[in-house]
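with the input below, show me the fold.
(one chain, ligands or ions: 2)
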Amino acid sequence: MRAVVLHGQEDARLEHVPVPPVGRGEIRVRIQAALTCGTDLKVFRRGYHARMIVPPAIFGHEFAGVIDAIGADVAGWQPGDRVVAANSAPCGQCFYCDAGREELCEDLLFLNGAYAEYITVPERIVRRNLLRVPETLSFEAAALVEPLACAVHGVAETGVRTGETVAILGAGPLGLLLARGAVLVGARVLVLGRRAARLQAARAMGAVEALDVGSGVDPREWVQARTGGRGADRVIEAVGQPRVWEQAIALARPGGTVNLFGGCPAGTTVTVDTGRLHYDALTLLGSFHHTPRTIREALRLLAEGRVPAAVLIQERTALDELPDLLPRLARGDGPLKVAVRP
Ligand SMILES: [Zn+2]
Ligand SMILES: [Zn+2]
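Ligands and ions are numbered 1, 2, ... in the order given. Below you'll find the predicted structure:
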């Protein structure tokens, strides 16, 4: 089969590799759509990801498709079933799994290999995080399950409630999904980001207003002017830069909550004004990844048509074209997400 293999920094190649075998408990999926993702682009620029992918390896982790082969001891699935799988599954047995914090599982099993014609889903993901895609949902929209589950998880961890004002920093795919997630909870969402097209996408996701942070307007004053001078009830950072983390903290009202959602480069630190944290009684938190519950919630929202997939999936490409497209996407000036069709 054809597959895009990551060999190292900015080095992804289309190759012919064997169709993966199907072992006990496993299911092989013929991929119908895979989506490019910011994490993949980060990995492409860096050449590896200690936890998620060690090259050489087939790249990509957001996909949906049709069951092609079923291993021994798998019940409840048929060849031809339309499915989507999460890119990980927790063990279900460790301290964190027991505590209901499965995203922190001590043995989270990751799956890569979506930029290919076929992928074999390991036994644990078949058991915990393989879901049926309804006929009414397209494969490319279904493939949004994983990033949307991260956003659903992030919004829930932030404690967003109906009627609150939520400021979201970042209008990339995750910032936009977080915006949508907060809108669906009934919040009034303000998005701060870059590039007119992405700010327009933020409004399409239901944000009431979007600020171009490159315009010279002070983000804090802009948010205060829209919150009776107080600041936002909840703030979510979806950029992943220490400087923006600090900005996010500055946008929250006294008593507010700030979710520092975007992962920063390893080893970086931020400075927090102790007076603000103490006297303004701020809550700062981080959130990471998704859980089997939010994976199911994400699929439900997509199936109900409550997340406009077309706002994010702006281009389509063949697998063969992907190695040439990745450098452009990695520069950040391309479409939000591209659907790759093997
Ligand atoms: Zn992703
Ligand atoms: Zn675990």
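
Arg226: neighbour count?
By other C-beta atoms under 10 Å, 18 other residues sit near Arg226. Where C-beta positions appear, they are placed from N, C-alpha and C, glycine not excepted.

tell me which helix or strand the nearest residue to it once chain neighbours are set aside sits in.
With C-beta to C-beta, 6 or more residues apart in numbering as the criterion, Arg226 has its nearest non-adjacent residue at 6.1 Å, and that residue is Leu190. Assigned by DSSP states H and E, Leu190 belongs to strand 188-193.

kindly export that strand (C-alpha atoms) in PDB.
Presented in PDB, the C-alpha positions along strand 188-193 are these (Å, rounded to 0.1, in the frame of the first residue of the first chain):
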ATOM      1  CA  ARG A 188     -20.600  34.200  24.700                       C
ATOM      2  CA  VAL A 189     -17.300  33.700  23.000                       C
ATOM      3  CA  LEU A 190     -14.700  36.200  22.100                       C
ATOM      4  CA  VAL A 191     -11.800  35.000  19.900                       C
ATOM      5  CA  LEU A 192      -8.300  36.700  19.700                       C
ATOM      6  CA  GLY A 193      -6.200  35.400  16.800                       C
END
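
what pairs with that strand, parallel or antiparallel?
When sheet partners are counted by DSSP bridges, strand 188-193 sits next to strand 165-169 (parallel), strand 209-212 (parallel).

residues from the stretch 101-250 of the chain in reach of ligand 1?
Taking C-beta under 5 Å from the ion as the contact definition, the stretch 101-250 of the chain meets ligand 1 at Pro147.

the same query, at a cut-off of 8 Å, please.
For the stretch 101-250 of the chain, the contact set with ligand 1 under C-beta under 8 Å from the ion comprises Glu146, Pro147, Cys150.

next, format those as CSV and append pLDDT.
Listed next are those as CSV, based on pLDDT from 0 to 100:
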residue, pLDDT
Glu146, 97
Pro147, 98
Cys150, 98
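
ok, so of these, who is nearest Arg203?
Pro147 (19.6 Å; C-beta to C-beta).

neighbours around that closest one, how many?
Neighbour number of Pro147 under other C-beta under 10 Å is 25.

hmm, it is touching Glu62, no?
Yes - applying C-beta atoms under 8 Å, one finds Pro147 in contact with Glu62, separated by 6.6 Å.

shared neighbours of these two, which are they?
Shared contacts of Pro147 and Glu62, defined by C-beta atoms under 8 Å, 6 or more residues apart in numbering, are found at Leu35, Cys37.

get me the contact residues on this structure for ligand 2.
90-98, 102, 104-108.

so what touches stretch 29-38?
Under C-beta under 8 Å, 6+ apart, the answer for stretch 29-38 is 60-68, 83, 85, 114-121, 138-140, 142-144, 146-147, 172-174, 313, 325-326, 329, 337-342.

of those residues, which belong to helices?
Phe139, Glu140, Ala142, Glu146, Pro147, Pro173, Leu174, Leu325, Leu326, Leu329 (DSSP state H).

could you measure from the second one over to Ala34?
Counting by C-beta to C-beta, to the nearest Å, the separation of Glu140 from Ala34 is 9 Å.

what is the neighbour count of Gly206?
Counted with other C-beta under 10 Å, Gly206 comes out at 18.

kindly apply the preceding question to Arg316 instead.
Neighbours of Arg316 (other C-beta under 10 Å): 13.

apart from its chain neighbours, what residue comes closest to Glu237?
Going by C-beta to C-beta, 6+ apart, Glu237 has Ala248 as its nearest residue, at 3.9 Å.
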